[in-house]
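J.: coordinates only, sequence not included:
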């Protein structure tokens, strides 16, 4: 460590705790949570004043949303990014490039989302920035980060259920890794359609990957479990913990009825962060399991579009799939809580792959 924490760690006694990733992870979570809770009221008030009528609501969405969500300010993802970044910078090892790579992608995707949200608010339209432009920017940022990460971790795609086994992909790996990062950014974005729906599954996935990062970064645990060891990746547990704290602080104000929406600013950033952690830890395929809810939401949209274009019929009453359940008569809170339960089960299934080898 080359930041102030390194100097504190040189002292005996209680300051020796700063040497441990576990302690700094807990501290990062609490710090991010406290920051988000403290800045929340004034920040939301600022957004209300600046945005006036709040986020435009899609007219083709559930009719109830036009009444219950109208006027709610968006760009609340900035709260998450501020708390996450401040806490990470306070507790991270400044010499760890993997954390910087995660921050680069998170803030880069957050910037793209911010431009999209800003365009929607100022033009009073739900369309935002062109999809092609947004995807190109996401792949550019993800490609840069994944190229650097691959130079440190290699270009092998490691397989779950097999001990330290994988497929050497060469340069193809960078494209695959960038696809994972950008794909999960957009997957979380699609999931963010109900109050609290995306936030808690991100918390659950981040908690699972905090464990994975710690184990992958520890040579003893990785050897025991038969998973590929990535030196330095354990520091991502601090980043993941800060992410959890920031999201929980945001959820305090995003809980139904939401006082603020995270918008694309938050959802793209959070998805990109999860994808980057998965790439660093060489657990890209496990992310598909742990983040299975986000995958399901994305697949439901793809199936709906393909079905309607080819047959003129819709498979779901409305996509993404959380709206389908709303149309079936489920209350919004029912959909959200049941989807949280699904996320917990999937996270446990993903963690189980560490031992089932």
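T.: Right, received. Where do you want to start? In this text, all values refer to a predicted model and were calculated from it rather than measured experimentally.
J.: average pLDDT across the lengthiest helix in the chain?
T.: Scanning the chain for the longest helix, with DSSP state H as the assignment, gives helix 21-51. In this model, helix 21-51 has an average pLDDT of 93.
J.: What of stretch 87-98?
T.: 95.
J.: Let me see the ranges of the helices in the stretch 1-150 of the chain.
T.: In the stretch 1-150 of the chain, the helices defined using DSSP state H, counting those that start in this stretch lie at 4-9, 21-51, 63-68, 77-91, 97-123, 131-153.
J.: Next, give phi and psi for residue 245.
T.: Main-chain dihedrals, residue 245, degrees, to the nearest 10: phi -60, psi -40.
J.: Kindly report the same for residue 317.
T.: According to degrees, to the nearest 10, residue 317 has phi -60, psi -30.
J.: rewinding a little: please identify the deepest-packed of the helices of the stretch 1-150 of the chain.
T.: helix 77-91 (a mean of 24; mean count of other Cβ atoms under 10 Å). Placement of C-beta: from N, CA and C, glycine included.
J.: related to what we said a few turns ago, tell me which strands and helices the longest helix of the chain is in contact with?
T.: The contact analysis (3 or more Cβ pairs under 8 Å, 6 or more residues apart in numbering; DSSP states H and E) places helix 21-51 against helix 77-91, helix 199-216, helix 236-254.
J.: buried residues in whatever helix or strand comes next after the second one?
T.: Think helix 199-216. Sequence order places helix 219-225 as the next helix or strand after helix 199-216, per DSSP states H and E. Across helix 219-225, burial judged by 16 or more other Cβ atoms under 10 Å covers 222, 225.
J.: mean confidence for helix 219-225?
T.: Here the average pLDDT along helix 219-225 is 93.
J.: on that earlier part again, now distance to residue 341 too, for the helices and strands packed on helix 21-51, in TSV please.
T.: Formatted as TSV, the helices and strands packed on helix 21-51 follow (distance: least, Cβ to Cβ, whole Å):
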stretch	distance to residue 341
helix 77-91	23
helix 199-216	10
helix 236-254	16
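J.: Which of these sits closest to residue 25?
T.: helix 236-254 (3.9 Å; Cβ to Cβ).
J.: and after that closest one, which helix or strand comes next?
T.: helix 263-280.
J.: What residues of that following helix count as buried?
T.: Quick answer for helix 263-280 (16+ other Cβ under 10 Å): 263-280.
J.: Residues in contact with stretch 324-341: which ones?
T.: 62, 64, 194-197, 200-201, 204, 256, 293, 300, 316-318, 322 (Cβ atoms under 8 Å, 6 or more residues apart in numbering).
J.: ranking the residues you listed by neighbours, who comes first?
T.: With neighbours taken as other Cβ atoms under 10 Å, the top of the contacts of stretch 324-341 is residue 201, carrying 30 neighbours.
J.: from what I can see that residue touches residue 296, true?
T.: No - if you go by Cβ atoms under 8 Å, residue 201 and residue 296 don't touch, sitting 10.6 Å apart.
J.: Run through the residues that contact the residue nearest the centre of the chain.
T.: Geometric centre of the chain, nearest residue: residue 270, 2.7 Å, by Cα atoms, centre = their mean. Residue 270 makes contact with 77, 80, 106, 188, 198, 202, 243, 247, 262 under the criterion Cβ under 8 Å, 6+ apart.
J.: Now pLDDT and distance to residue 153 too, for those, in JSON lines please.
T.: What follows is the contacts of residue 270, written out as JSON lines (pLDDT from 0 to 100; distance: Cβ to Cβ, whole Å):
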{"residue": "77", "pLDDT": "94", "distance to residue 153": "28"}
{"residue": "80", "pLDDT": "97", "distance to residue 153": "27"}
{"residue": "106", "pLDDT": "98", "distance to residue 153": "18"}
{"residue": "188", "pLDDT": "97", "distance to residue 153": "23"}
{"residue": "198", "pLDDT": "94", "distance to residue 153": "28"}
{"residue": "202", "pLDDT": "98", "distance to residue 153": "23"}
{"residue": "243", "pLDDT": "98", "distance to residue 153": "20"}
{"residue": "247", "pLDDT": "97", "distance to residue 153": "26"}
{"residue": "262", "pLDDT": "93", "distance to residue 153": "30"}
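J.: Look at the nearest residue in space to residue 23 that is not next to it in sequence and say how many residues are nearby.
T.: Spatial nearest neighbour of residue 23, chain neighbours left out: residue 17 (4.4 Å); criterion: Cβ to Cβ, 6 or more residues apart in numbering. By other Cβ under 10 Å, 14 other residues sit near residue 17.
J.: doesn't residue 26 make contact with residue 17?
T.: No - judged on Cβ under 8 Å, residue 17 makes no contact with residue 26 at a distance of 9.9 Å.
J.: got the helices of the stretch 1-150 of the chain as TSV, with distance to residue 239 columns?
T.: Conversion of these to TSV gives the following (distance: least, Cβ to Cβ, whole Å):
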stretch	distance to residue 239
helix 4-9	14
helix 21-51	8
helix 63-68	33
helix 77-91	5
helix 97-123	5
helix 131-153	13
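J.: Ok, which of those helices comes nearest residue 224?
T.: helix 21-51 (17.5 Å).
J.: Please compute how far that closest one lies from its chain's middle.
T.: 16 Å (Cα atoms, centre = their mean, to the nearest Å).
J.: Can you check what angle separates it from helix 263-280?
T.: Using axes from the mean of the first three to the mean of the last three Cα atoms, to 10 degrees, the inter-axis angle of helix 21-51 relative to helix 263-280 is 160 degrees.
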